[in-house]
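1. next input, structure requested:
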Amino acid sequence: MANKIVQKDQIKNLLNKVAQSSQLIAPIKSDSITTFRPVSSAEAVVLDYQNGVIPPKDFFFPQSEKMFTYNINDPTWDIREVEGVPERVLFGARPCDVKSILLLDKVFDAEFRDNYYLDKRNKTTIVALSCNDCRHTCFCGAFGISPDTAEGADLLFTDLGDKYLVEVLTEKGEKLVNSAKEFFADDDGSGAGAKAKATEMAKAKQMQISLEGVKEKLDNMWEHPIWDNESLRCIGCGTCTYVCPTCHCFDIVDYNDQSAEGYRYRCWDSCQFSNFTRAAGGHQPRPSKKERIRQRFLHKLRYFVDRYGDFGCVGCGRCLEKCPVNLDIAQIITKVKEVG
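-> Sure, this is the predicted structure:
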């Protein structure tokens, strides 16, 4: 399908129509913080935001998720599955966050398919929004992502001032356009040039980081002093993993109250927590912050590449901003190139 145009003064009307037939998930601002939330109307939706603190990962891989319920007195041990999600539209996700969902696909839709994740993934239409204004901590370009990368999205909207250029990328995207045809006009051909100019302006604000040779150097840096030095600052809070759009470690817990009813749930965990790798017998293969810091950076920049053929980071910069002791993966990359 050819590119389309949506006038900016019609965007809320479009979103309101989308919300009538699907669950609409969109960015809203509360106390100066932008987060993604299900909304019933477009009134609170903000689309002129720099990338938010919390990625939309939670809508595919929730921070805490009930898996099934059971009754321990039931002789048949009847397992009751939890109801899945409705059809949804994730609107306004930035290209780096859309790329992060593709990386999660590599984990949850591989040899062992995670139906909890896939149910949410398959029922979600992703509408990406190009970045016109990158944060000073953004370095997505290092990972081959651009402020206007369309990969992984069903539709890509680009802000052109008084209108949006809309690129229709998949059948899901085409279906959404056809469901609200009155808001979409044909592009007269001028949109692509305006988009290219906006993208170049956004790129100019990013940090310029090169990953050339980093993975190869890390192959031989298991016992390098860099891990001792960097771990001195880390306080093991796990903030970096909780704001990361690609971290996917989890724990699984069974819970019973005083009745016979119980349920199993999974929740996010973090490789930066001291108990994360502790075995039942008390053995701890990562006893110090050094091992845990090393694990985080090697997983992002080496192990993920070995297993899935891609880096496990998208350069969103959230961990740079939120680390209370200023541990910085961009600086780590630079140091590895210098000392490795």
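2. quick one: contacts for residue 199?
-> With Cβ atoms under 8 Å, 6 or more residues apart in numbering as the criterion, the residues that contact residue 199 are 130, 146, 147, 148, 158. C-betas here are computed from N, CA, C, even on glycine.
3. again, only using 7 Å
-> Neighbour list for residue 199: 130, 146, 147, 148 [criterion: Cβ atoms under 7 Å, 6 or more residues apart in numbering].
4. in a markdown table, list those along with secondary structure and pLDDT.
-> Formatted as a markdown table, these follow (DSSP: H, G, I helix; E, B strand; the rest coil; pLDDT from 0 to 100):
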| residue | secondary structure | pLDDT |
| --- | --- | --- |
| 130 | coil | 96 |
| 146 | coil | 92 |
| 147 | coil | 92 |
| 148 | coil | 92 |
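5. need the contact list for residue 1.
-> So residue 1 contacts 168, 174, 177 (Cβ under 7 Å, 6+ apart).
6. could you give me the ChimeraX syntax to select whichever of the residues you listed are buried?
-> In ChimeraX syntax, the buried subset of the contacts of residue 1 is picked out as below (16 or more other Cβ atoms under 10 Å):
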select :168,177
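7. which one of the contacts of residue 1 sits closest to residue 18?
-> residue 177 (10.8 Å; Cβ to Cβ).
8. secondary structure element for residue 92?
-> Using DSSP states H and E, the element containing residue 92 is strand 88-93.
9. can you check residue 263 too?
-> Going by DSSP H and E, residue 263 is in strand 261-268.
10. residues making contact with that strand?
-> Against strand 261-268 from outside (Cβ under 7 Å, 6+ apart): 63-72, 242, 249-256.
11. same check on stretch 204-219?
-> If you take Cβ under 7 Å, 6+ apart as the criterion, stretch 204-219 is touched by 134, 138-142, 298, 301-302, 305, 330, 333, 336-337, 340.
12. and those, which are buried?
-> The neighbour-count test (16+ other Cβ under 10 Å) marks 134, 138-142, 298, 301-302, 305, 330, 333, 336 as buried among the contacts of stretch 204-219.
13. so which residue is smack in the middle of the chain?
-> Nearest to the mean C-alpha position of the chain, counting by Cα atoms, centre = their mean, stands residue 245 at 3.2 Å.
14. what's the neighbour count on residue 46?
-> 12 (other Cβ atoms under 10 Å).
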